[in-house]
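> Pasting the sequence and the predicted coordinates here, then a few questions.
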Amino acid sequence: MKVVILCGGLGTRLREETEFRPKPMVEIGGRPILWHIMKIYAHSGFRDFVLCLGYRGNMIKEYFLNYEAMNNDFTICLGRNSRIEYRNDHREQDFRVTLADTGLNTMTGGRVKRIAKYIGEDQFMLTYGDGVGDVDIPALLEFHRHHRKLATVTTINPSSRFGMIESNSIGRVIQFQEKPKTSGRASAGFFVLDRRVLDYIDDDNCIFEKEPLERLANEGQLMAYQHGGFFYAMDTYREYEYLNQLWNANQAPWKVWQE
């Protein structure tokens, strides 16, 4: 099953890091967040990826073109009979990565539509190139196959960005909660989609989170897989620092794979 990752956005709210590189190449612990996302899926046996490139997509192409050399010791023979002998094996053996240019200004739905030719199966997975979590991928897939609808989105119970205060009529604080969980649920990406979902996408200007998902919901074809564990999206510099702090302290919940 293909895993499609949206890698084309501008990442404007993380301008400190994305001015010169695409957001999926912003590093956590010396590795692009894209690498972390791929490792989450690979841990469950999903190693066939399609990357939807846009803003500075050439940097992602160069990363994978140079991957063997940058992650192995090697011996290079120069001259007319040049060749390279790699001396050790990295742990990303058998990753299959399709890098597709989906346009600089294409919206999320349009990017998915553009890579339809690379999806040969009836179902595929889709996620964003800026969020990590300890999502149970096999359980997510089983949930999708059991309900037999066209689409599944992974949802989380997010924390409020602010401390919440309850006070009485004279202003005395009755309760204070620092960044409590909110009552609603939010999308964390990590979709499983039937190929027929592609028919809900019109053109490059289609935002996947708008008409396609709204229409699927209205038709009763969108189901929510409730993830109760860790999920964090790297949308701002503060979130970038937090994810790096977790990784550097060996407390990264999304690191479900073994070194």
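Right, received. Where do you want to start?
> need the strands for the stretch 151-259 of the chain, in chain order.
Along the stretch 151-259 of the chain, the segments classed as strands by DSSP state E, counting those that start in this stretch run 151-156, 164-167, 173-177, 186-187, 191-194, 222-226, 231-233.
> In this structure residue 134 contacts residue 256, no?
Yes: with contact defined as CB atoms under 8 Å, residue 134 reaches residue 256; the gap is 5.6 Å. C-beta: built from backbone N, CA, C; applies to glycine.
> Between those two, which contacts overlap?
Taking CB atoms under 8 Å, 6 or more residues apart in numbering as the contact definition, residue 134 and residue 256 share the neighbouring residues residue 40.
> Where does pLDDT dip in the stretch 51-200 of the chain?
Of all residues in the stretch 51-200 of the chain, those with pLDDT under 70 make up the ranges 159-183.
> Could you find the closest non-adjacent residue to residue 68?
The spatial neighbour of residue 68 that comes closest, neighbours along the chain excluded (CB to CB, 6 or more residues apart in numbering), is residue 86 at 6.0 Å.
> Distance check, residue 21 against residue 77.
Relative to residue 77, residue 21 is positioned 33 Å away (criterion: CB to CB, to the nearest Å).
> try residue 118
Remark: distance between residue 118 and residue 77 (CB to CB) = 35 Å.
> Please say which of these two ends up with more neighbours.
When residue 118 and residue 77 are compared for neighbours, residue 118 comes out ahead with 15 against 10, by other CB atoms under 10 Å.
> Tell me if I'm right that the more buried one and residue 50 touch.
Yes: at 4.9 Å, residue 118 counts as touching residue 50 under the criterion of CB under 8 Å.
> okay, and the common contacts of the two?
Both residue 118 and residue 50 are contacted by 2, 98, 100, under the criterion CB under 8 Å, 6+ apart.
> Am I right that the first one is in contact with residue 122?
No: Residue 2 is not in contact with residue 122 according to CB under 8 Å; the separation is 10.9 Å.
> Next, count neighbours for the residue nearest to residue 68.
Neighbourhood size, residue 86 [other CB under 10 Å]: 13.
> do residue 40 as well
With other CB under 10 Å as criterion, residue 40 counts 23.
> who's in contact with the helix or strand harbouring it?
The secondary structure element spanning residue 40 is helix 33-43 (assigned by DSSP states H and E). The contact list for helix 33-43 (CB under 8 Å, 6+ apart) reads 3, 5, 7, 23-28, 47, 49, 51, 60, 92, 95, 125, 127, 129-135, 137, 234, 243, 254-257.
> For the stretch 51-200 of the chain, which segments count as helices?
Chain-ordered helices for the stretch 51-200 of the chain, with DSSP state H, counting those that start in this stretch as the definition, fall at 57-65, 67-70, 108-114, 137-147.
> May I see those organised as CSV, with distance to residue 196 and mean neighbour count added?
Compiled in CSV, the helices of the stretch 51-200 of the chain are given as follows (distance: least, CB to CB, whole Å; neighbours: other CB atoms under 10 Å):
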stretch, distance to residue 196, mean neighbour count
helix 57-65, 28, 16
helix 67-70, 34, 12
helix 108-114, 13, 23
helix 137-147, 13, 15
